[in-house]
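Visitor: Please work out how this folds:
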Amino acid sequence: MKPRHFVTLRDIGSSEFRGLIARAIELKALKETYEPLKNKVLGMVFEKSSTRTRVSFEVGMAQFGGSSIFLSPRDTQLGRGEPIEDSARVLSRMVDCIMLRTHSHRTVEVFAQYSRVPVINGLTDRFHPCQLLADMQTYFEHRGDIVGKTVAWIGDGNNMCQTYIHAAELLDFELRIACPPGYEPETELIEAAEKRVAVSGDARAAVTGADLVVTDVWASMGQENEQAERIGAFENFQVDASLMALARPDALFMHCLPAHRGEEVSAEVLEGPQSVVWDEAENRLHAQKALLEFLLAT
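Guide: Take a look at the predicted model:
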């Protein structure tokens, strides 16, 4: 039987998404020892640096009674040109699950194609589904189900933005994306979700009446050489107090972190009463434990 993978949010259904959120909330509240993955091993392949992804997966496996192995290109044959297919075939004969945080989304797709065990996308240039599990868990904890609500994405149409498009389809909320010309998400993703997604260059219109406001850095990892150009392009897309004031009074603010205060978000908003970024960061642990249990213990 082929393993179940988590390459994008489209690998799960709407009810499974809500089930993972509910289970993450249960696991967060669990006090007694629970080790469903005893003697299981997670192989973690990192081409990109990480804080939240690495720590949450390592801690999650430890709390579940399992273990994890950190693999970087410097430590493996991947960094010396071994075909992805070969690495997938070999690793999946030795570990019980593989998580990859890599540059090209194609790398995760190929790994999943040739792997005998579940493959998890820990971030690629196109999607970041693990973060959306945590984001949606956080919203559900604070405000209940997100169905029918309005989410405003402000800034770059990056991997996080594109994963929010998938989330809007699965959880049935309205997603308003505001970004400068030339920084929109992929056209085919917008077209596939056109009933739930609208894209414009007007941050104020996108935020007006929103239940959740989300942003991310203007220059992601690998785009550092574009930093100056992007600061100019995004100068009207900072989430500050005046922009948040246009959202609903009970609107939440999220950011996947790390944040650049004074660029994509003001310190006042990031540290303010509507911000739930620290809950959001913690929930990476609980959401990923729910995902690991779903893939390996059910």
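
Visitor: tell me the domain ranges of the protein?
Guide: For the chain, the structural domains run 5-128+281-297, 132-276, going by the TED database.

Visitor: could those be laid out in TSV, adding mean pLDDT?
Guide: Output for the domains of the chain, formatted as TSV (pLDDT from 0 to 100):
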stretch	mean pLDDT
domain 5-128+281-297	95
domain 132-276	95
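
Visitor: could I get those as TSV with mean neighbour count?
Guide: C-beta here means a position set from N, CA and C on the backbone, and glycine is covered the same way. Output for the domains of the chain, formatted as TSV (neighbours: other Cβ atoms under 10 Å):
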stretch	mean neighbour count
domain 5-128+281-297	19
domain 132-276	19
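
Visitor: Is it correct that residue 46 is in contact with residue 103?
Guide: No. Between residue 46 and residue 103 there is no contact under Cβ atoms under 8 Å: 10.9 Å.

Visitor: Which stretches in the chain count as strands?
Guide: 41-46, 67-71, 97-101, 119-123, 150-154, 174-178, 197-200, 212-215, 252-255 (DSSP state E).

Visitor: need the contact list for residue 240.
Guide: 265-266, 268-269 (Cβ atoms under 8 Å, 6 or more residues apart in numbering).

Visitor: Relative to residue 298, which of those residues is nearest.
Guide: residue 265 (37.4 Å; Cβ to Cβ).

Visitor: Distance check, the residue sitting furthest away from the middle of the chain against residue 109.
Guide: Within the chain, residue 80 marks the point farthest from the mean C-alpha position, 28.6 Å out by Cα atoms, centre = their mean. As judged by Cβ to Cβ, to the nearest Å, residue 80 and residue 109 stand 22 Å apart.

Visitor: next one: residue 295
Guide: Residue 295 is 17 Å from residue 109, by Cβ to Cβ.

Visitor: try residue 239
Guide: Distance from residue 239 to residue 109, by Cβ to Cβ: 32 Å.

Visitor: Same check on residue 242?
Guide: The gap separating residue 242 from residue 109 is 42 Å, by Cβ to Cβ.

Visitor: again with residue 191
Guide: Taking Cβ to Cβ as the measure, residue 191 and residue 109 are separated by 21 Å.
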